Each structure stands twice: as structure tokens, then as C-alpha cells.
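Peer 1: Structure for this input, please:
(3 chains)
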Amino acid sequence: MRTNNNPYIPYNATVEDTWYETGGERAIKTFKVVLDDEEVRKNWNHCPGQCAMIGVLGVGESMISISCSPTEGEFLRFSVMRMGKVTQALHQLEPGDKITVRGPYGNSFPLDEWQGKHILTIGGGIGQAPMRPIVEYVKANYDDYGGLTMIYGARTSGDLCFKGEFEDMAQNDELSCHLTIDVEEEDWDHNVGFVPSMLMDLNPSPENTIAITCGPPIMIRFVLENLKKLGFEDAQIYTTLENRMKCGIGKCGRCNTGGMYVCKDGPVFNYATLKEIPEAFA
Amino acid sequence: MSAMLLNKEKWPDFVGKLAGKNLWVPRADGDAIRFAPAAEGEAPALDYSNSRVPPKQAVFPQTETLFRFKVDGEDLEVPQIEDQTVLLGVRPCDARAMTIIDKLFSWDENDPYYLKRREMVTMIGLACTEPGLNCFCSSVGGSPASTEGLDLLIVDLGENYLLEAVTEKGEAVLKDTADLLDEAKDDPIQQKEKIIKEAEQKIKRSVDPEGIPEGLPRLWEDPLWQRVSASCLGCGTCTFLCPTCHCFDIQDETEGFESRRCRTWDSCMFGEYTLHTSGHNPRPTRRERTRNRINHKYSYYVDKFDVIACVGCGRCINLCPVNIDIVNILGQVKEAL
Amino acid sequence: MDLEKLRETAAEVVAREDVKYLLGWKSGTFGYRVAPGFVEDTAGAAELIFSPLCTANLATYLTLVEKLPVPRGQEPDQRKVAVMVKGCDSRAVTQLLVEKGIDRDDLIIIGCPCPGMVDPALLAEKYPETEEPAVVKWSENGFLLAQNGRETNLARDEFLAVKCQLCRYPNPVVSDIMLGEPVEAWELAEDKGVTEVEGKDADERWDFWVEQFSKCVRCYSCRNVCPLCYCEDCVLDRLNPTWVNRSVNISENTAFNIARAFHLAGRCIECGECERVCPANIPLGRLNRKLAREVRDKYGFEPGVDPEAEPFQASYKPDDPEDFIL
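Peer 2: Take a look at the predicted model:
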């Protein structure tokens, strides 16, 4: 699908829209991005779970999850937490500004394999970004799946991403969408409590279900423990990893976790594979 | 493929014939040998053990500009790699190392910079007759006269050099220098085999990698990693001077109004290598980094590409400031298995 | 030095409940190599050596060893670290104390009066290393090399390391336990390396260092081995902002090497480790010794001698020369 054969040359793209998901020092800003070249745009074909290297020329690139499903239209969405040099520069971008994109990179969630199954996503904080495409994809192809349950939590309501969308979803009886925050707040009419305990409260059946979890390491640890308690087999559980990356194409070396390159063999991993890699949860 | 003889007296003429191209030769600098573009009329002496920095730097430069761009512009300019390069005097281990990293740079997605340079290079090797103190190539699939990755192999027979073409590129060199060469009949070939056999016997260090690639994961929490990494300084000597280490960083750099995106060698022994922007580091100490270095070479790479990413050149042993010795580490690995 | 006494003392120290480990020297895996050892028990203590090959400055490990956050519910390990020091190494410890980089209470300093080290590179050039670890001892008129069953006398003048030829403090300046008797200081040699560079005019000096720095591969072994380069967040690693680019070229290499030298002015204790470990053979010792000479001549200051001293770059005297201020 490349229009050039040099994987280090990024595509030019334009920021079409931006908005803040959360505030504070480590704010999360979402970018709706459209690739400039029509042919590149037409040929771009990412799958939920994949990432892209987005960047600002002169500053650098960062590997970011593509947080939209291809079913949503000919654009890309990235939700970026302001952390270091590159993400600070990205946060300066406003609609109309130029951004560079390389990708899509990595494997993806095996959504074809999951057809007919119930999909359970369990997310925390910015960890919802790689799972949002699953939710959108399953919504768009609802008849192919056995249902969707989404659990999403953050420290406070101000730390929840995609809040508007999910609040709409929570009103939809067909979808089982559950939001939670760690501590009580005024005007909050959803759940209060940690994500892993909300999982136990909901007590989902492991039968014909795939569980996907992504979030802070400590949350993932307890979610995994609780999924086991609920009777989920390792092979029914998926998660995504992230590591420092530079090339995105399995050359620069640094993203390996054990013998796996997160950029090529990941970022999506089945827990049965991942638990054999001692470094994976380091 | 053909084999020819070159009388040593004609060596400067032979080198002179190669000089039309971008010729890299080994050059003595203090107590170290470095590969560098040849000066006019320079005919290198072939009496060194090996170069300090491996010749990988000719195909995988320490700093490579991926593209240039103007700060306020959009036009990206990709430097063209057009020069035919000849590397003269490459040791067989270092040539073999390139065939090992070829696998990574062409895995799934091609790395155009590296592969272009590889395509443009002619590798003229020099068989080892006096292996270095810490050489162990024969333990890891190499030999003092291995031709893997070479286009032409030179063997020192005393009065003459034996020149054996390995590839078409090597044949072309023999053709270009034909007027300096004599036919090599059976005798020189037998002489070569004797010399190489003797050289093999002079290799003092060895490791038997049998069982290591599949065994290493079992030793993940073994106390040996703490033991062998305690004195590590966390510098990049072992990795930068390793002919198979290939990890790199990519950074944008600006000077005046011109910027470039460039890649530079990076080292898994640096803390910054895996440091997340959040401050979290999945490999927080030298223990995890040392374990990764050994695992990468002797286990992960074998899993992915079916070859050990170590050619036994001994540089990391010779140059480690605190005597961290990979043969010794592998010995401890074998013992722990 | 009496090796039995050394090992006995070390064994006693590591047997103490309040000691984590002892930093000492062990014979290496081949040739003239000596490996830094982290000794935790009597068996480890029995492997310790002190010989003219023990050039490594172990003080660097006092700050190099990572301090990881203590897991919840666990007590931090507050045991002491014992460290064997030569005269120059003890100056590094002293300077670290001056800078409050380490706490005196966390240390047990075992002083080793040092009659001078051989230059291992020079030795290897004359008598090539072999696969057997060689033994080098001090002798009447220099050193004695025992290698593969053969003994060779090495003249002190010929093999004494440059840093030792210039050493003014062969005896540890600080210690809790002193092993053996103090050695008598020897006549100082002239610092030919520095004098040679000083003798060049500005252009020649520049050319000299350009040639040297162009060899740098930026492995950072000089920085990492340096007992006084211990910033947790080194300016050279910084990316945001980037002070020194990752590109390896003469401009960035010069920025790196000069930044390091300046950060060590008035702090370098001239242990020579940077020059010893440099895989590119850059004479870094000359650079640092030149700055040390300037500080000594202009300000009468010598780092790492007095634990009570004020840090050079943080102190001021009304009569400090200021002729370089434009």
C-alpha cells in the first residue's frame, strides 16, 4: 500500500479537528487527522489495535494507537497524552496544521476470529484508546458478534476519555456500557470503584466470551487475576503492550519484550503467549 | 569460482587498481586499526589482528541521515547512496556478521539505506592466520577462512597471496586485476588448507552453544545475571564495537534553517534505551540490560532468524573496561543449565 | 602488601551484619585483566587481590549502583558498603563526601597504600597478554611479571602508569581501616602530555583535539567509569531540550567532551580511568589534568583532599583571579 518504498519517509497529513479529552499537566488531546495524498488515503487500511508513528518534522515521532475504527470513515484519530518532547509538540497542533504519519504498524485484534463471540473490554485511563476501535467496529458489525460489554474507568470523571460517546452508549440498552471512577463525585450517576472490582460486580460469564484489557499495569494485574477467578482461560484474554519505539518496523531493536518485538509481533498479545514472556509485565 | 595468485611485490599495484572506487582500508592508528577511506597510493599492511571498530560502519554508519528538510518547508530530500564501495581486508567474522544482520534489515520490511549500501559494497576478505587472544569464531559457526558475506578471500601464503573469488563481484575484481595475477594450481590450495587448519588450532577460547538458545529463557531469574552484571559500567563499548549489534535511535536535529532526521547507533546497555517518557523503565538496572544483551544474541535472534547473533570476534571481551567476558558468561550459563 | 591480611580483613568486614558488600579487586579472566569484585562472603574475600594491575577506581560503584524504589512493605537496605581504595581512589571518595554525593556513615573505607600501578596497555604491547591470568607484583626496582611459568623484571621507569608518575597522594587520604604501612611519596614526573599540548599554538591545539575527538564513538565509557560523573540525569542524555545531539560528528563530539571536562574542573581527582577505558584511545587524561593544573595554579585548590573543604565551583575568595572575565 506504500506509495514509496522507504518506510522511514512519513506521509503528510493535516489535522482536521482537535479536542481535549482530559485536562491537567498530562492532558490527553485527540487529533482527527486526514492524510493529504488521495491515493495514500484510499489505500490506507488499518485494523483495530494497530498503531502509527505520528510526528512533527524537526521534533520527532511517537508511536500512538490508532483510536478509531476503519468503519468510521477516511480519517485517523489519535488520543495523545502530553508526556515528552514529541507529545508536547503534538499538543501545540491545531486544526489546519501539518502532522506526519507512518504506518499502520503492528498486528491487530483478531476480530474475524472473534465473530459470534461476546466481546468484553476492560479499560482504564488512556488504555481505552486502543480498545475504542474494537467498540466502534463491533457496533458497526453488531450482528456478527454475540454482544458487547464495556467497562471503562479512570481516577476521576475528568480523567475519562471519550466520555461523551460512552455516556451516549450507556443510554443504549443494546450495549452494556459501564463507566466507573475511583472516588465519589457530585453529579456522577455511574459506578464508583476500581475497574477490577467493577468487573467482579458485573460477574460476566466466560462462556463464548473474549476479554480485552488495557490500562495502567497495576489495573491489568488485578483484572487478569479477577478474570481467572471468573473462569476465563488464558487464551480468551487479550491485552496490548507499549514500549519505547523508534522505527516501528522491527529494526531499531528497543521495543523487544523477551524475543518479541512489540512493534511487529504486538502490540496485541494473547495472554497465553504473554505470560510465557517474563519481561512482558516489567 | 576462480582462484589466482598475487605476488606480494605487486600488492601496491593491486590496491591501486581498486582505488578508482570508494575504497576503505585498514589503517594503523596508535595501537588500534581503523577502517577508513584510503589515501592516495595507500597500500595497507595486512598484518593486523582486527580493526577496533568493525567494518559494519561502512554499511551501517554510526550516524546516517534518513532525510533532510527545511524547517519551514515540506520537501524532504533523501540522500542518495550511489558510491560503489570496496572494503579491503575484512576479517571473515566481520563479513559473516553482515550476513547475520542482513536478515534483520530485510525482515518483512526492507531497510533501504542498509540494503543499498550492502548492494553497493564489494567485500574483500582476509583469512586469519593468527587468531586473536579472545577469538572464538569456530564456536559459533564461523572459521578463520569463512567466506560467508565475502566476495573475494585473500589468504596469506607467505610469498604470495591466494585470491579466491566467492561471488560474481569477486570474479570481477580478479578480472580487473588479471594482469597482476598468476594461475593458482593445486599446490597453493593445499597450502591454504594447511594454513587454515593451523589457524583453527591456534584459537584458544571456545564455547559450546549447544542447548544455550533454548535454555536461556529458563535462567531468567538465575542469580548469575546479578553476578555477571554487578561491575558493568553501562557504557556502549561492547555493543558499539560489536559487528552484529544493529540497534539504533532516530532523532530530528536542526542546524540553522536545515533539519535532518537521522539515525545513530544506540545501545541496549544504556538506561535511556528503554526508558519510557513516563519515567518507567522496563529494564531498570544493568542486570536486566546485560541479560537482554546475552538473550538477544544467543536466544531471541536464534528463534527469529535461526542464527546466533555473535560471530566470536572477541571485541567485547578485549575492550570491556571491567573484564566482562562473554565466553565466561556463556560458560556460567552452561553450568547453570 | 600482605594478601593474607587483606583477605582476612575483608572477610571480617563482610561478616559484619551492617555491611552489604565489599568492593575489591579480583584477578580477571585472562591476561592482565582485573575485575571489580562485589564481595559478600568469606569465599569471595579469598579471591581478592591488590597488585600493580589494580588500576580500576572502585569508588565509581558507590554512585553507579542503581537505587530502585523500595517495594511497599519492605524496609530499605541501609547496610554499609565497604570499598577498597588506593590514594587516588580515596580522593574520589573524599570529593564525593565534599559534594554530599555519598554519606560517610554509609561507607567503610579500606585504604591500600599504593606504590604505583603499571600501565596495562604498555605492558601488553611489550609482553602480549596470554589466555592465562598473569600475576604482577611490586619488586625492589619496579614490578615482577609472572606469566606462564616465566618471571620477568619490569623497570619501574618504563612501566609505571602516567597517572602514577604524576601522583601526589599514593596513600589514601581517608580510611577506616588501613592495610599495611604508608608508602613514601616519590619524585613527581613532569606532565609531558599536558606540557606538549600547552606548547602548541591555538590552531595546533584545536587541530590536535579535533583529530582526537573525531575518533570518539560516544560509548560514554569515560563518563560512566568516572567516579565524579554521577548526575542521575546527565545533561548529555537529555532530549527535552537536547543539549548535545546524538549525531556522532566532530561538532557534537567536541561539545560532549568539552562539556564533560568543564563539569569536572576542580572536581577531577586525576585517577585516569577515563583515558584507560576509552576504546578510541583519546588522551582524555591530558584534558582533565590541564584543567586540574589551571585550578591548582590559579586558585590553589585541589579537589578530593579535605572532606571538610567547600566544593571548588561553589566557593569564592575575594582574591580569586578574574583576568579571564571579559
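Peer 1: wait, doesn't residue B:261 sit right on residue B:65?
Peer 2: Yes: with contacts counted by C-beta atoms under 8 Å, residue B:261 reaches residue B:65, the gap being 7.4 Å. (Each C-beta comes from the backbone N, C-alpha and C, glycine too.)
Peer 1: The two: which has the busier surroundings?
Peer 2: When residue B:261 and residue B:65 are compared for neighbours, residue B:261 comes out ahead with 24 against 16, by other C-beta atoms under 10 Å in any protein chain shown.
Peer 1: Pretty sure the more buried one sits in a strand.
Peer 2: Yes: secondary structure assignment places residue B:261 in a strand (DSSP: H, G, I helix; E, B strand; the rest coil).
Peer 1: Let me see the contact set for it.
Peer 2: By C-beta atoms under 8 Å, 6 or more residues apart in numbering or on different chains, the residues touching residue B:261 are A:8, A:57, A:60, B:65-67, B:69, B:250-253.
Peer 1: For those residues, could you give me CSV that also reports distance to chain C and secondary structure?
Peer 2: Putting the contacts of residue B:261 into CSV (distance: C-beta to the nearest C-beta, whole Å; DSSP: H, G, I helix; E, B strand; the rest coil) gives the following:
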residue, distance to chain C, secondary structure
A:8, 16, coil
A:57, 15, coil
A:60, 8, strand
B:65, 9, strand
B:66, 12, strand
B:67, 14, strand
B:69, 16, strand
B:250, 9, strand
B:251, 5, strand
B:252, 9, strand
B:253, 5, strand
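Peer 1: In three-state terms, label the closest residue to residue B:141 other than its chain neighbours for me.
Peer 2: Counting by C-beta to C-beta, 6 or more residues apart in numbering or on different chains, residue B:308 is the residue found nearest to residue B:141 once chain neighbours are left out, at 6.7 Å. Assigned with three-state DSSP, residue B:308 falls in the coil class.
Peer 1: what sits against residue B:308?
Peer 2: Contacts here follow C-beta under 8 Å, 6+ apart; on that basis residue B:308 touches B:140-141, B:209, B:213, B:297-298, B:301-302.
Peer 1: Please produce CSV containing these, extended by secondary structure, pLDDT and distance to residue A:242.
Peer 2: As requested, these are arranged in CSV below (DSSP: H, G, I helix; E, B strand; the rest coil; pLDDT from 0 to 100; distance: C-beta to C-beta, whole Å):
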residue, secondary structure, pLDDT, distance to residue A:242
B:140, coil, 97, 34
B:141, coil, 95, 35
B:209, coil, 96, 33
B:213, helix, 97, 27
B:297, helix, 97, 25
B:298, helix, 98, 27
B:301, helix, 97, 23
B:302, helix, 97, 26
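Peer 1: for chain A, what are the nearby residues on the stretch 151-300 of chain B?
Peer 2: Taking C-beta under 8 Å from any C-beta of the partner chain as the contact definition, the stretch 151-300 of chain B meets chain A at B:217, B:220-221, B:246-252, B:254, B:259, B:261, B:263, B:266, B:268, B:273-278, B:282-283, B:288, B:292, B:295-296, B:299-300.
Peer 1: which residues touch residue A:191?
Peer 2: Contacts here follow C-beta under 8 Å, 6+ apart; on that basis residue A:191 touches A:153, A:178-181, A:198, A:201.
Peer 1: wait, residue A:33
Peer 2: The neighbourhood of residue A:33, defined by C-beta under 8 Å, 6+ apart, consists of A:13-16, A:54, A:75-78, A:99, A:101.
Peer 1: Out of the residues you listed, which end up buried?
Peer 2: Buried members of the contacts of residue A:33, scored by 16 or more other C-beta atoms under 10 Å in any protein chain shown, are A:13, A:15, A:54, A:75-78, A:99, A:101.
Peer 1: just curious, which of the contacts of residue A:191 is nearest to residue B:89?
Peer 2: In terms of C-beta to C-beta, no member of these lies closer to residue B:89 than residue A:153, at 63.2 Å.
Peer 1: Around chain C, pick out the residues from chain A.
Peer 2: By C-beta under 8 Å from any C-beta, the part of chain A that sits against chain C consists of A:84-85, A:88.
Peer 1: what's the closest of those residues to chain C?
Peer 2: residue A:85 (4.0 Å; C-beta to the nearest C-beta).
Peer 1: How about the secondary structure of the closest residue to the closest one other than its chain neighbours?
Peer 2: Once flanking residues are discounted, residue A:85 sits nearest to residue C:240: 4.0 Å by C-beta to C-beta, 6+ apart. The local conformation at residue C:240, judged by three-state DSSP, is coil.
Peer 1: again, but for residue C:37
Peer 2: Reducing the assignment at residue C:37 to three states with three-state DSSP gives strand.
Peer 1: Okay, and which of the contacts of residue A:33 map to helices?
Peer 2: When those are checked against helices using DSSP state H, none is located there.
Peer 1: okay if I get those as TSV plus pLDDT?
Peer 2: Rendered in TSV, the data for the contacts of residue A:33 read as follows (pLDDT from 0 to 100):
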residue	pLDDT
A:13	95
A:14	96
A:15	97
A:16	97
A:54	97
A:75	95
A:76	96
A:77	96
A:78	97
A:99	95
A:101	96
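Peer 1: wait, which of those is closest to residue A:134?
Peer 2: For residue A:134, the closest of the contacts of residue A:33 turns out to be residue A:77, at 13.8 Å, with distances computed as C-beta to C-beta.
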